[in-house]
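Undergrad: Just need the structure, nothing else, for what follows:
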Amino acid sequence: MEGFRKHTGRIVVYDADQLDTDRIIPARFLSRVSRSGYGELLFHDVRGEGFPLDEPSAQGATVLVTGSNFGCGSSREHAVWAIQQAGFVAVIAKKTPDESGFSDIFRSNSTNCGLLLIELPKANHAMLVRAGSGAEVTIDLPNQTVTLGDGHIRFEIAAATKRQLESGLDLIGTTLALDGEISQFEAQWDSFVPQEVP
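TA: Numbers count the residues shown, from 1 in each chain. Purely as a prediction, here's the structure:
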């Protein structure tokens, strides 16, 4: 995967809470055997006239701004693939005292697939919603900021997730990066070596 450091692009605002994975990518499309072709199926069952992603201002957008608890429901990597294949590199959600921006499983799948998730408190999130679809933002992952016009909004992200996204590593790649240390440990560790039975 390509590492994420800094990105400038336009946003599309779909400011709805509790958008579950079946809304993101309907279950009937999960039987495909390849990882391609999901972008055109993003929000398939709710697309059409008046839908935020189908408005002219949304065309070419690369950052999706949504509500709280995005990606709740069943676990499916296909939801992340659909978002990425539709051209999005990051999703910005609203975090409230009662709800996180993203469901835990969706968060894990996104990190492993290289999709940056950003949670913003309500007041900062509202700035992006007011700016509306088509507004340009710059996301700076090393400095953990979203820039909108002259305003800089800081976001928090787990250090391990940040390193993984910056390096462009999935879980296997993260493990292989420690291959030398793992091999050294295994060469010295014999606690579970079977003993010969006389």
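Undergrad: Name the next helix or strand downstream of the helix or strand of the chain with the lowest mean pLDDT, please.
TA: When each helix and strand of the chain is scored by mean pLDDT, DSSP states H and E, helix 171-176 comes last, with a mean of 61. The element immediately downstream of helix 171-176 (helix or strand, assigned by DSSP states H and E) is helix 179-188.
Undergrad: average pLDDT for the longest strand belonging to the chain?
TA: Longest strand in the chain by number of residues, with DSSP state E as the criterion: strand 6-14. For strand 6-14, mean pLDDT is 98.
Undergrad: Mind listing the strands it pairs with, and their directions?
TA: strand 63-66 (parallel), strand 136-140 (antiparallel) (DSSP bridges).
Undergrad: Buried deepest among these, which one?
TA: strand 63-66 (a mean of 25; mean count of other C-beta atoms under 10 Å). No exception for glycine: its C-beta is placed from N, CA and C like everyone else's.
Undergrad: Residues touching that strand, excluding its own?
TA: Residues outside strand 63-66 that contact it (C-beta atoms under 8 Å, 6 or more residues apart in numbering): 7, 9-16, 19, 83, 88-94, 125, 128-129, 137, 139.
Undergrad: Please apply the same query to stretch 67-82.
TA: 15-22, 24-25, 27, 29-30, 35, 38-39, 41-42, 91, 93-96, 99-103, 105-107, 109-110, 112-113, 115.
Undergrad: Endpoints of stretch 94-104, how far apart?
TA: Taking C-alpha to C-alpha, to the nearest Å, stretch 94-104 runs 15 Å from one end to the other.
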